[in-house]
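**Q** Sequence first, predicted coordinates after that:
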Amino acid sequence: MARYTGPTTRIARKFGEAIFGYDKHFEKRKYPPGQHGPSKRRKQSTEYSTQLMEKQKVKYTYGVLERQFRNLFKKASRKQGMTGENLLKLLESRLDNVVFRLGLAPTRRAARQLVSHRHITVNGKIVNVPSCQIKPGDRISVKEKSRSMEAITTSLNQKGKQFSWLDWNDDAMEGTFINMPDRESIPEKINEQLIVELYSK
């Protein structure tokens with residue numbers, strides 16, 4: 001399965017945001033990598049480069065490769081409503097992202113690993129495809145044999161924010177995808193309009 005496996009701190013520094021979650025190395029040096037990184041006199045960005053950077057940031061944030069991202073954008077553009085918001089909703093409804101949002105894993109990378117290693121079920125059936133699209137009403141749970149895994153229990157104990165479009169049952173170790181999230185509910189700092197403008201050229 002193709003995915004980005006390179007250094008995360010370097011990418012986070014490139015965008016100036018901890019897009020992969022808390023990173024102590026990023027906190028020490030938040031400026032872009034390279035000898036000119038700390039300089040305030042960096043070359044002014046063009047409109048195209050700003051749009052491209054925003055697209056790249058979203059791809060790295062959600063762990064999606066170029067072809068997957070392009071296909072998701074086409075799918076979003078065919079749906080009713082605003083294309084940018086539709087795109088974010090499709091990204092948020094990926095199985096690996098839902099597992100991450102439910103608090104079963106500390107990062108999307110870890111969530112993707114849980115899914116691909118067959119620890120997660122959807123509506124009672126094991127699904128090992130991280131890009132699987134979850135629909136409203138779907139039930140996401142941890143396979144019974146995997147419920148005592150230290151990685152999962154530790155992540156649940158450190159669980160942070162609850163999300164309005166997800167419901168979690170601790171006793172059953174099962175979550176429900178209630179509905180597609182509103183744009184205002186998605187916490188990522190993303191300007192989706194820049195991506196729409198980029199693909200409109």
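**A** Cool, got the structure.
**Q** so who does M149 touch?
**A** Contact analysis of M149 by CB atoms under 8 Å, 6 or more residues apart in numbering lists H119, V142. The way it works is simple: take the backbone N, C-alpha and C, and place the C-beta from them, glycine included.
**Q** please redo it, this time with the cut-off set to 10 Å
**A** Contacts for M149 (CB atoms under 10 Å, 6 or more residues apart in numbering) come out as L104, L114, H117, H119, V142, K143, S155.
**Q** Please report how far it lies from Y62.
**A** Going from M149 to Y62 by CB to CB, to the nearest Å gives 24 Å.
**Q** and if you look at Q51?
**A** Taking CB to CB, one finds Q51 at 17 Å from Y62.
**Q** Ok, E54 next?
**A** Taking CB to CB, one finds E54 at 13 Å from Y62.
**Q** ok, these two, which is more surrounded?
**A** Using other CB atoms under 10 Å, the more surrounded residue of E54 and Y62 is Y62, with 23 against 19.
**Q** Scan the helices and strands of the chain for the one with the lowest mean pLDDT.
**A** helix 24-28 (a mean of 55; mean pLDDT, DSSP states H and E).
**Q** Nearest spatial neighbour of I126, chain-adjacent residues omitted?
**A** In space, and not counting its chain neighbours, I126 is closest to R118: 5.3 Å by CB to CB, 6 or more residues apart in numbering.
**Q** Count residues in the vicinity of the one you found, would you?
**A** By other CB under 10 Å, the residues close to R118 number 13.
**Q** Just the pLDDT for it.
**A** R118 is assigned a predicted lDDT (pLDDT) of 97.
**Q** now swap in Q113 and tell me
**A** 95.
**Q** and what of S148?
**A** pLDDT at S148 comes out at 92.
**Q** tell me the centre residue of the protein?
**A** Y62 (3.1 Å; CA atoms, centre = their mean).
**Q** Leaving aside the residues adjacent along the chain, what's closest to that residue?
**A** L91 (4.8 Å).
**Q** now the helix or strand hosting I195: mean pLDDT?
**A** Secondary structure from DSSP states H and E places I195 in helix 192-199. Average pLDDT, helix 192-199: 94.
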